[in-house]
Each structure stands twice: as structure tokens, then as C-alpha cells.
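Trainee: any chance you could fold what I've pasted below:
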Amino acid sequence: LLSHLGDPARFPCGRQFSASLGLVPRQYSSGGHSRLKGITKRGNGEVRRQLVHGARAALRQFQRQEHPDRLARWACTLAERVGQRKAIVALANKLARICWSLLAHGQRYQPQGQAA
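Mentor: Below you'll find the model as predicted:
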């Protein structure tokens, strides 16, 4: 991930970084009607594959947690609503954006919304 990212300032936002990995939906727009298809699969396939595998493992752990944080709750409700496979790719997308944000701003990850 770090070798693909290089300098975080190269990407203006996390979505651009995620798009460089091919983790954003392909978009077809015409006449004000926007359609989102599957992911684009552009960019570094190995980094994308590792993020998807990591997201799959994370989702399994999230589903087993008794007191999930905000990210875990989001991923679990998404999996229930759209299915496991789409939720895994969406979680991989979100993890890529989080990684970019942490590296671009020089911060450490702080889980939010920890349930008591």
C-alpha cells in the first residue's frame, strides 16, 4: 500500500487514492441519469486484492464483536442490506480512504463510536 501511495500529497483526497486502486464504482451518466456499475479494476491489482482480503477478514471479525465501533456497525448493516460481497468491496474502499487520510495527515487511527 505504501509503495503504491508514495507521497500522500499526490492525491487530493481519499476518493482519488481509492480510484487509483480501482475500488470505486464505474459510472455511466447521461442526461442527468447516473448509473453506478461494478468496480473499475484499474490500478494496482495486488494492492486491491490485499485490501479486499483484509476487508473480508475484518468483516468476519466485525460480525463476531459484542461491542462494535462505528465502522463495524456500518459494515455489518451494509452486509445485511446489499450482501456480503458488495459490502466487502465497499469496506475495502473505505479502508483505502482511511489509510490515505491517516498517512496524509500524519495521524493514528482512532476508532469512533465505541458501544459500551
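Trainee: okay, now the unreliable bits of the protein?
Mentor: Within the chain, the stretches with pLDDT under 70 are 113-116.
Trainee: what about the top helix by length along it, distance to the chain center?
Mentor: Identified as the longest helix of the chain according to DSSP state H is helix 84-105. Mean-position distance between helix 84-105 and its chain equals 2 Å (C-alpha atoms, centre = their mean, to the nearest Å).
Trainee: how about that helix: buried residues?
Mentor: Neighbour-count burial for helix 84-105 flags 87-97, 99-100, 103-104 (criterion: 16 or more other C-beta atoms under 10 Å). (C-beta placed from N, C-alpha, C; glycine too.)
Trainee: what about Ala19, how many neighbours?
Mentor: Using other C-beta atoms under 10 Å, Ala19 is surrounded by 19 other residues.
Trainee: so what's Gly45 up against?
Mentor: For Gly45, the contact set (C-beta atoms under 8 Å, 6 or more residues apart in numbering) comprises Gly22.
Trainee: re the thing from before, nearest to Ala72, of the buried residues of helix 84-105?
Mentor: Distance to Ala72 across the buried residues of helix 84-105 (C-beta to C-beta) is lowest for Leu91, with 9.9 Å.
Trainee: for the closest residue to Pro111 other than its chain neighbours, give its distance to Gln110.
Mentor: Leaving aside its sequence neighbours, Pro111 sits nearest to Asp69 (C-beta to C-beta, 6 or more residues apart in numbering; 4.1 Å). Distance of Asp69 to Gln110, computed by C-beta to C-beta, to the nearest Å: 10 Å.
Trainee: the two: which is more packed in?
Mentor: Using other C-beta under 10 Å, the more surrounded residue of Asp69 and Gln110 is Asp69, with 15 against 8.
Trainee: now that one: how far from Leu2?
Mentor: 25 Å.
Trainee: how near is Thr77 to Val24?
Mentor: Taking C-beta to C-beta, one finds Thr77 at 21 Å from Val24.
Trainee: name the residue in those two with the higher neighbour count.
Mentor: Taking other C-beta under 10 Å, Thr77 and Val24 do not tie; Val24 has more neighbours (19 against 11).
Trainee: phi first, then psi, for Ser29.
Mentor: Ser29 adopts backbone torsions of phi -130, psi 140, taken as degrees, to the nearest 10.
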